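[1] Sequence first, predicted coordinates after that:
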Amino acid sequence: MGDVPAYETPIMSMDEFNIGLLEKDRIPGLLIRSDENGFYNIGVQINDSEVVKVASATEEEAMYKIQFWAEKVDDIKEQYRSREPRLK
């Protein structure tokens, strides 16, 4: 896994990422979580139980970052394709 670029934070479990309001169906594979303060976390689901958190955003910059990462979902999934799930 040394050739996989490091993103903002390490791989998280789906349960850990799901804290807050979660949207996951608008863009397949892209998870968007917001809290009551209008802060967004953006992640890519790489298997059934894990997410790579790729960005954080304020309400003002969220749409730009969501569009940016939406185009990279398939690339990120491919990078982690061979990863065995380690988190529950």
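    Received it, and whenever you're ready, just let me know what you need.

[2] residue ranges for the strands of this protein, please.
    Taking DSSP state E, the strands of the chain run over residues 11-13, 21-23, 30-34, 40-45, 50-57.

[3] for those strands, which one sits closest to D75?
    D75 lies closest to strand 40-45 among the strands of the chain, at 9.2 Å (CB to CB). Using the backbone N, CA and C atoms, a C-beta is placed for each residue, glycine as well.

[4] and the residue nearest to D74 when sequence neighbours are not counted, what does it touch?
    Counting by CB to CB, 6 or more residues apart in numbering, G29 is the residue found nearest to D74 once chain neighbours are left out, at 7.6 Å. Neighbour list for G29: 44-45, 73-74, 77 [criterion: CB atoms under 8 Å, 6 or more residues apart in numbering].

[5] any chance of those in CSV, with pLDDT too?
    Converted to CSV, these look like this (pLDDT from 0 to 100):
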residue, pLDDT
V44, 94
Q45, 93
V73, 95
D74, 95
K77, 92
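
[6] Can you tell me which of those residues has the largest number of neighbours?
    V44 (25 neighbours; other CB atoms under 10 Å).

[7] That one and V73 touch, don't they?
    Yes. With contact defined as CB atoms under 8 Å, V44 and V73 form a contacting pair (5.5 Å).

[8] still on that earlier bit, please tabulate the strands of the chain in a markdown table, including the columns distance to I66.
    Shown next, in a markdown table, are these (distance: least, CB to CB, whole Å):
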| stretch | distance to I66 |
| --- | --- |
| strand 11-13 | 18 |
| strand 21-23 | 9 |
| strand 30-34 | 6 |
| strand 40-45 | 6 |
| strand 50-57 | 8 |
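
[9] what are the ranges of the helices in the chain?
    Listed in chain order, the helices of the chain (DSSP state H) span 14-17, 62-70, 73-79.

[10] sorry, back to before: deepest of the strands of the chain, which one?
    Most buried of these, by mean neighbour count (mean count of other CB atoms under 10 Å): strand 40-45, with a mean of 23.

[11] what helices or strands is that one leaning on?
    helix 14-17, strand 30-34, strand 50-57, helix 62-70, helix 73-79 (3 or more CB pairs under 8 Å, 6 or more residues apart in numbering; DSSP states H and E).
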